[in-house]
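# have a look; sequence and predicted model below, questions after that.
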Amino acid sequence: MDFMPEPIERIGQIDRDTLNTSNTQSTNHQHNSLGHGLQPLLSTLNDNCNATLRQQLFSCCTGDGRMTILSTTYYTALSFTRSRLMSMALSLSLLLLAILIVFALAVYALRLRREVVRRREAYRREQRQARDNCLKNLDIIGRAVLADQVDLVEGCIRISVMLDLLGREFDPQGAFVIFDRIRRRTDHLHRHEARRKLTPAERMHEDKDRLHIAAEEREAVHERVEQLLGYARNFAAR
């Protein structure tokens, strides 16, 4: 079999294919070599990133993170404490205000009570003074009636007025009604300024009525006046 040499062009094509194949293999080898060389670096970077993330997560629980949580908790507790203190201060202020109001009302009520007691005592003093004056006047008029220093009918009318001022407390049994009876019997007689306006005949007519009543009641009046004076002295001593 004869050996036929290949054409030069075919040889050149084979060399180019061989060269391309070699270059491709070299490139792949380089890539593989580069990949194998970068893999530890990428792994290291990945480990560093994970370590950084772990450090950040760890720092949230320890170190600065713990300080941040503690600081947040502290300020929250401080804010809550301040609000509680403000609430307590407001409550205490309202309590003190209520105490002051109650104290002021109590003082006002005490003053009113003292004023009522003072006025009541003043009224009692006035009543006692008026009673003492009536008893004194009663004694003077009674003595004048007994000594015939005053008209008997006029004296009985004045005694009746004093007894009215003294009230039922002085004569609860009605022992001295004679003086009131004489006053009613002489209600038609004019006195003081009205008597001066009467004519002489009218005055004479009224004088006759007055003398007639005095004559009828003289003894009974003197007896009652003596009893009245003794009773008035005992009543004034109470």
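That came in fine, so what should we check first?
# packing partners of the longest helix anywhere in the chain?
In the chain, with assignment by DSSP state H, the single longest helix is helix 64-146. Secondary-structure packing of helix 64-146 (3 or more CB pairs under 8 Å, 6 or more residues apart in numbering; DSSP states H and E): helix 8-61, helix 152-166, helix 200-236. All C-beta spots, glycine's among them, are computed from the backbone N, C-alpha and C.
# against Cys134, how distant is Ile140?
Ile140 is 11 Å from Cys134, where distance means CB to CB, to the nearest Å.
# actually Leu97, not the one I typed
In terms of CB to CB, Leu97 sits 55 Å off from Cys134.
# more neighbours: the two, which one.
A count of neighbours by other CB atoms under 10 Å puts Cys134 above the other of Leu97 and Cys134, at 20 against 10.
# which residues are contacting stretch 221-238?
132, 135, 138-139, 142-143, 145-146, 152, 155-156, 159, 170, 175-176, 178-179, 182 (CB atoms under 8 Å, 6 or more residues apart in numbering).
# next: stretch 173-185.
Contacts of stretch 173-185 (CB under 8 Å, 6+ apart): 153, 156-157, 159-160, 163, 213, 217, 220-221, 224, 227-228, 231.
# what is the most widely separated pair among those?
Greatest spacing in the contacts of stretch 173-185, by CB to CB: Ile213 and Tyr231 (24.0 Å).
# mean pLDDT for the helices and strands packed on helix 64-146: which is lowest?
Lowest mean pLDDT of the helices and strands packed on helix 64-146: helix 8-61, a mean of 47.
# count of residues packed around Leu163?
Leu163: 20 neighbours (other CB under 10 Å).
# check contacts around it.
138, 170-171, 176, 179-180.
# in TSV: the residues you listed, plus secondary structure.
Compiled in TSV, the contacts of Leu163 are given as follows (DSSP: H, G, I helix; E, B strand; the rest coil):
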residue	secondary structure
Leu138	helix
Phe170	coil
Asp171	coil
Phe176	coil
Phe179	helix
Asp180	helix
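# pull the most distant pair out of those.
Pairwise over the contacts of Leu163, using CB to CB, the maximum falls at Leu138 and Asp180, 14.1 Å.
# looking at the two, which one has more neighbours?
Higher neighbour count among Leu138 and Asp180: Leu138, with 25 against 18, using other CB under 10 Å.
# so how far is Met88 from the closest residue to that one other than its chain neighbours?
Ranked by CB to CB, 6 or more residues apart in numbering and with sequence neighbours excluded, the top spatial neighbour of Leu138 is Met162, at 4.7 Å. For Met162, the distance to Met88 (CB to CB) stands at 72 Å.
# and Met204, by the same measure?
In terms of CB to CB, Met204 sits 98 Å off from Met88.
# then Arg120?
47 Å.
# repeat for Asn133
Asn133 sits 66 Å away from Met88 when distances are taken as CB to CB.
# quick one: contacts for Glu121?
With contact set as CB under 8 Å, 6+ apart, Glu121 has no partners.
# where does it land on pLDDT?
pLDDT recorded at Glu121 is 94.
# cool, and Cys134?
On the pLDDT scale, Cys134 gets 89.
# who touches it in this structure?
Per CB under 8 Å, 6+ apart, neighbours of Cys134: 162, 165-166.
# mind giving me the ChimeraX command for buried ones among these?
One line in ChimeraX is enough to select the buried members of the contacts of Cys134, burial here meaning 16 or more other CB atoms under 10 Å:
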select :162,166
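# possible to save the contacts of Cys134 as TSV with distance to Arg111?
Shown next, in TSV, are the contacts of Cys134 (distance: CB to CB, whole Å):
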residue	distance to Arg111
Met162	39
Leu165	34
Leu166	35
